[in-house]
Structure formats: C-alpha cells, structure tokens
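Q: Next come a sequence and a model predicted from it.
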Amino acid sequence: MGNLLADRYEAVTLLGSGAMGEVWLAYDHLLGRQVAIKRILTRAGMVQDPTARERILREAKLAATMQHSNVVAIHDLVHDASGVPHVIMEYVEGESLADGIRRRGPVSPADA
C-alpha cells in the first residue's frame, strides 16, 4: 500500500490479511486520528470486473448504515490511483480472534 491515500491517510502497519483484502493501521492527517483501512486485494482483472466492484461497494455501503457499539464504524470509501477501493474504518485496538483463542482457548457458544 502506498504511503498516502487520498492525500490524507498514511499507512502505518499491516494488521492482517485474508482472501479478499488486507487491513492496515493508518493515520488520518486531516482529522488527526488512527483509522483502519481495508484494502481490497486485486487479482487479475478484479477491479475492472463490474460484478466484483459492485459487491465491494455494496458491502461498504451496507456496513456504513450499521450503527452499534459492537460494530466498527465505516468512515469513508476511497480509491487509489489504480482504482483499487479502500474502506476507511474506525480503528479498535485489541487482539485478533486467533490470538485470543490461542491465549484463552476455544470461545463458548454463548460468547460467540
């Protein structure tokens, strides 16, 4: 990921990655706060594929409508110079689920 996205978001460190994307800890220079950035991974032609692009945009729009203390807030959706979409989200500090399971053991159905 480049150093500055949309002239304001500076990637700091990679927090995690999966099949669809990467999540970065970043700094929002305009508002002076930490954010998380979900960068959609691009396989050959994925960004140009209208179906994939629409799915990514729909996911971001739906997530942005949710307002709950247990749901991360969506702040923005921006594209880099190559047209790759990035979802700008609230950053919540904490351990990953995998780290928690390694440390405490399996999660009970009630906690899940």
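A: Okay, I see it.

Q: Could you tell me which residues within the lengthiest helix in the chain count as buried?
A: Criterion DSSP state H: the longest helix present in the chain is helix 50-65. The neighbour-count check on helix 50-65 (16 or more other C-beta atoms under 10 Å) flags A52, R53, I56, E59, A60, A63 as buried. Backbone N, C-alpha and C define where each C-beta goes, glycine included.

Q: same check, this time on stretch 3-15
A: Neighbour counts using 16+ other C-beta under 10 Å place L5, R8, Y9, E10, A11 of stretch 3-15 among the buried residues.

Q: hang on, the earlier thing: output the buried residues of helix 50-65 as TSV; include the columns pLDDT and distance to E90.
A: TSV is the format used below for these (pLDDT from 0 to 100; distance: C-beta to C-beta, whole Å):
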residue	pLDDT	distance to E90
A52	69	25
R53	72	24
I56	78	19
E59	86	16
A60	87	13
A63	89	11
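
Q: Could you save these as CSV and add columns showing distance to G94?
A: CSV is the format used below for these (distance: C-beta to C-beta, whole Å):
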residue, distance to G94
A52, 30
R53, 31
I56, 25
E59, 22
A60, 22
A63, 18
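
Q: For the residue nearest the centre of the chain, which residues count as its bridge partners?
A: Nearest to the mean C-alpha position of the chain, counting by C-alpha atoms, centre = their mean, stands K38 at 2.3 Å. Here K38 sits in beta bridges with V23, V87, going by DSSP bridges.
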